[in-house]
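J.: what would the 3D arrangement of this be:
(2 chains)
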Amino acid sequence: MSDSAIRVRDVSKTFAQGAAAVRALAGVDLDIDCGELMLLMGPSGSGKTTLLSIMGCMLRPCRGSVSILGEEVTGLSERDLPRVRRDWIGFVFQGFNLFPTLTAVDNVGLAFDLRGLPRRQASRRATELLEQVDLGDKRDAFPADLSGGQKQRVAIARAIAGDPWVVLADEPTASLDTRSGRVVMKLLRGLAHDRGRAIVIVTHDNRLLEYADRIVQIEDGSIVSDSASAGGAGERSVHS
Amino acid sequence: MLAWRNLVHDKIRLAVTVTGIVFAVVLIVVELGLFIGFTTTTSSLIDQSGADLWISARNVPFIEQGTPFSERKLSTVMATPGVAAASKYVLRFAEWKRPDGGQDSVLVVGFDLQTRLGAPWNIIAGQVDDLRQPDAVFIDDIYRERLGAARVGQVVEVQGRRARIAGFTQGIRAFTTSPYVFTRFKAAQNYTVLREDETVYLLVKAKPNVDVEGLRRRLAARLPSIDVMTTAEFSRRTRLFWMFTTGAGLAVLLAAVLGLVVGIVIVAQTIYATTVDHIREYATLKAIGASNWYLYKVIVLQAVISALIGYALGIVIAVLVIRGSKESGAAILLPPGMVAGMLVLTLVMCVSAAIFSIRKVTRLDPALVFKG
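T.: Predicted coordinates:
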């Protein structure tokens, strides 16, 4: 397998806005390695979420290519893209995006259901994942009965249900208090450092810098800086 | 699992969805039931006659409009090969005198007791043979009160002549405002002031395995001055007359079509709104790798479950409405075929509406999940 979990080459994206065209990304090159926790930072409208959507195979670039685990995905058909998202990528959203009608265990189990696992087996594995995120006692709780931090941990459990090599997180701590944010970030960092997953986090939050191995700054659709994080690198060396 | 949970989690939304479907089912069933009741009632005497052929004066547009002709044609009919039985039949208006002194118009149905072609059906009191008494008549249970005929044996007056209630039928509604009064042909001749040598119709029963259309052509050739029609043909002619020549028929037809359209719109709107309510969740499903097929399954299953619940409740309510209307003049029918057809229609309506909303879901931009 390629060392780069994600390879982005010369990616550009332009959106039509009425008669005008808005350039969201302009020739972005980026490699994200397995075992790396990368923060993608920048002001609002800089193109962070667009880049995340393209890396997550939710949006097609106007130009350039994206490879995941060595496979070029830009040219895949709409029929093939769900498989890529399901098998290789886990998503964590700012608003958690849990299903309010399902309990915690069923929310996680849904990810196994998508993979065709029988219900009982899906439920057992979902329970194991909830225990991993320290929510074993909340397996039958509905999202409405969970705190923000608990919801995000359920979402992380769902994201890693398919054991993906890549986890893409959009402002995962934005709706959380400091303590819950810390718990969530430790979980994500553990995924990168202990299990070798590539974690990309879009954030505005400078408090997350201490967890990062690498910080990529993006402005006006272009990467303006790409540097290793001292704190993250330190943490990483401890785990590796 | 997701489909069921989505439905039952928000009970108010489920209630709104099911109410919409129930309303549509009741509306469609009642309107179509009225339409079927209308068409069935207009031609019930023909359809239930047991005859294969009807012979009438020229160009009779519908059964109540028959005009007398010579009964001597009966011997010609009887002598025609392929005829198993033939008899005279009369249907004419007469005056019924109620016990309170008031008068009502009735349609006297006179049939031959020998062949029993055109005899009453659904008899709940008395027997057809009771009509052998010279003045015996049957009326329908629905008209007991209106005609002031409370019991078997009660003596009444038809066209100034004595008549005696010998039995009751059930559910034989007259399409016109005049109730049917069944009696033997001879008595009917008297009540309707028909000449002794005249009849209004001749009813013919073909021998087994005889081609009815062939027999109709042979009889038509022998009886050039009158019409020979198959029962289906005369039934259709009567129904079409009432359906398209009178405003009532068109109104019922239009109401049935409108009921169908309004029902479909209600169901489509309800199911569509339910799907759109969950649009963000479907976007999340797409984002985490659900195929379009998986989304179809969830949405269609939701629609099918809603359809089944709505259909079951709707049919129960429709049956209650129909039962309640039995005492009134309105004939609303719910044949088994319509019950089954309505199930299919409800499923088709709900699934079609779901498929329409699926288009919106499958075209969803999964990146929507990143937008706040």
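
J.: can you list phi and psi of B:Ala273 for me?
T.: phi -60, psi -40 (degrees, to the nearest 10).

J.: that one - how many residues pack around it?
T.: Using other Cβ atoms under 10 Å in any protein chain shown, B:Ala273 has 15 neighbouring residues. Backbone N, C-alpha and C define where each C-beta goes, glycine included.

J.: need the three-state assignment for B:Leu333.
T.: Here B:Leu333 is recorded as coil under DSSP: H, G, I helix; E, B strand; the rest coil.

J.: quick one: pLDDT of it?
T.: For B:Leu333, the model assigns a pLDDT of 83.

J.: tell me where the chain has strands.
T.: Picked chain A for this. Taking DSSP state E, the strands of chain A run over residues A:4-17, A:20-33, A:37-41, A:63-68, A:71-72, A:89-92, A:166-170, A:198-203, A:214-219, A:222-228.

J.: if you could check chain B rather than the one you did, that'd help
T.: B:53-56, B:69-70, B:83-97, B:103-111, B:123-125, B:136-140, B:155-158, B:161-169, B:180-184, B:198-199, B:201-206, B:227-230.

J.: dump these into JSON lines; add mean neighbour count, distance to chain A and mean pLDDT as well.
T.: As requested, the strands of chain B are exported to JSON lines (neighbours: other Cβ atoms under 10 Å in any protein chain shown; distance: least, Cβ to the nearest Cβ, whole Å; pLDDT from 0 to 100):
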{"stretch": "strand B:53-56", "mean neighbour count": "25", "distance to chain A": "63", "mean pLDDT": "96"}
{"stretch": "strand B:69-70", "mean neighbour count": "16", "distance to chain A": "74", "mean pLDDT": "92"}
{"stretch": "strand B:83-97", "mean neighbour count": "21", "distance to chain A": "63", "mean pLDDT": "94"}
{"stretch": "strand B:103-111", "mean neighbour count": "22", "distance to chain A": "61", "mean pLDDT": "94"}
{"stretch": "strand B:123-125", "mean neighbour count": "14", "distance to chain A": "53", "mean pLDDT": "94"}
{"stretch": "strand B:136-140", "mean neighbour count": "24", "distance to chain A": "54", "mean pLDDT": "95"}
{"stretch": "strand B:155-158", "mean neighbour count": "17", "distance to chain A": "67", "mean pLDDT": "91"}
{"stretch": "strand B:161-169", "mean neighbour count": "19", "distance to chain A": "55", "mean pLDDT": "94"}
{"stretch": "strand B:180-184", "mean neighbour count": "26", "distance to chain A": "58", "mean pLDDT": "95"}
{"stretch": "strand B:198-199", "mean neighbour count": "22", "distance to chain A": "72", "mean pLDDT": "94"}
{"stretch": "strand B:201-206", "mean neighbour count": "25", "distance to chain A": "63", "mean pLDDT": "96"}
{"stretch": "strand B:227-230", "mean neighbour count": "19", "distance to chain A": "58", "mean pLDDT": "96"}
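
J.: so where is chain A shaky, pLDDT-wise?
T.: A:1-3, A:230-240 (pLDDT under 70).

J.: in it, which residue sits nearest chain B?
T.: A:Arg86 (2.5 Å; Cβ to the nearest Cβ).

J.: run a quick neighbour tally on that residue.
T.: 20.

J.: cool, and A:Arg115?
T.: A:Arg115 has 13 nearby residues by other Cβ under 10 Å.

J.: please name the nearest non-neighbouring residue to the residue of the stretch 251-372 of chain B found nearest chain A.
T.: Using Cβ to the nearest Cβ, the single residue of the stretch 251-372 of chain B nearest to chain A is B:Gly289, 2.5 Å away. Of all residues not flanking B:Gly289 in the chain, A:Arg86 sits nearest, at 2.5 Å (Cβ to Cβ, 6 or more residues apart in numbering or on different chains).

J.: so what's the one you found up against?
T.: A:Leu114, A:Arg115, A:Gly162, B:Ile288, B:Gly289, B:Ala290 (Cβ atoms under 8 Å, 6 or more residues apart in numbering or on different chains).
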